[in-house]
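[1] Just the structure for this:
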Amino acid sequence: RLVDQLAELLFATSPEAVGHLAREGADPARVHLVGNPMIDTLLTHLDHFDPAAARTAHALPERYGVVTLHRPANVDDPDAAAAAARALTEAAGHLDLAVPLHPRGREALRAAGLADAPGIHLLEPLGYVEFMGLVRGAAAVITDSGGVQEETTVLGVPCLTLRTTTERPVTVTHGTNRLVSHGELVPALRKILDGPPAGGSEGPPLWDGKAGPRIARVLTEWLERHD
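    I've put the predicted structure just below:
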């Protein structure tokens, strides 16, 4: 918020972000709704995300889910890690889960017994293209990552976020992401699996792969005025 007050240009990824800045008292002339630069990267590489190849490489069934957990609230405390492991173990009874283990949570989740659970496929950390190939073909994603919430929103993959809050509220209002507790995870997952197949998503306004050029235009005009 301090940086918001100091900056002369504010680039917002969503209408909700514009609203937050307005409530902070930011001058509307400084605020520019430009879209999400991270989605530029996703859409640029979209043709390289191969779900079939990723699924085959990790011996996954046709229908599977992807899990990423690394937030301190989920993995730093042994009790929290154990609760997450129990919830994921139960979830894996309904859907095989590919779990690329983030270094932060690796030992805590292993110690909680996640490695021994049927239906859990523990993986080493993956590169961006291979990971997004897995995500693109998933029936559902369980995560605490803000970036993954955004990526699944554009890919049209249902996302369940194991947190009580999110810095990406647009993913919730867009209907592709839901915040869940450990106890709510399995019912929410079953609702996804029992429902109609997820379709594609156009994403929130201006999440069209052109945020970078919009930012460049704003910067160019600003520099010309201040030359």
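
[2] pLDDT weak spots in this protein?
    198-201 (pLDDT under 70).

[3] Tell me where it has helices.
    All helices of the chain, identified by DSSP state H, fall at 2-6, 15-23, 37-44, 51-57, 72-75, 78-91, 106-111, 128-136, 146-155, 169-173, 182-194, 211-225.

[4] Name the residues that touch the shortest one?
    Looking back up the chat, that one is helix 72-75. Applying Cβ atoms under 8 Å, 6 or more residues apart in numbering, the contact partners of helix 72-75 are Leu69, Ala80, Ala81, Ala84, His102, Arg104, Gly105, Ala108, Leu109, Asp144, Leu162, Arg163. Every residue, glycine included, has its C-beta placed from N, CA and C.

[5] want to throw those into CSV with distance to Ala54 and neighbour count?
    CSV is the format used below for the contacts of helix 72-75 (distance: Cβ to Cβ, whole Å; neighbours: other Cβ atoms under 10 Å):
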residue, distance to Ala54, neighbour count
Leu69, 19, 26
Ala80, 29, 19
Ala81, 26, 22
Ala84, 24, 26
His102, 18, 16
Arg104, 23, 15
Gly105, 21, 24
Ala108, 26, 21
Leu109, 21, 25
Asp144, 21, 22
Leu162, 23, 24
Arg163, 25, 17
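
[6] Return the member of these nearest to Glu130.
    Nearest to Glu130 among those is His102, at 15.1 Å by Cβ to Cβ.

[7] circling back to that earlier point, out of the helices of the chain, which one sits most buried?
    Most buried of those, by mean neighbour count (mean count of other Cβ atoms under 10 Å): helix 146-155, with a mean of 23.

[8] tell me what it is packed against?
    Packing partners of helix 146-155 (3 or more Cβ pairs under 8 Å, 6 or more residues apart in numbering; DSSP states H and E): helix 37-44, helix 128-136, strand 140-143, strand 159-161, helix 169-173, strand 177-179.

[9] strand partners of the fourth one, parallel vs antiparallel please.
    If I follow you right, that is strand 159-161. Partners of strand 159-161 in the sheet, by DSSP bridges, are strand 140-143 (parallel), strand 177-179 (parallel).

[10] now, of those, which is deepest in the fold?
    Ranked by mean neighbour count, with mean count of other Cβ under 10 Å as the criterion, the strands paired with strand 159-161 are topped by strand 140-143 at a mean of 26.

[11] Contacts for that strand, please.
    65-69, 88, 91, 95, 97, 135, 148-149, 152, 157-162, 185, 189, 192-193.

[12] Next, the buried residues of stretch 22-35.
    By 16 or more other Cβ atoms under 10 Å, the buried positions in stretch 22-35 come out as Ala26, Val31, His32, Leu33, Val34, Gly35.
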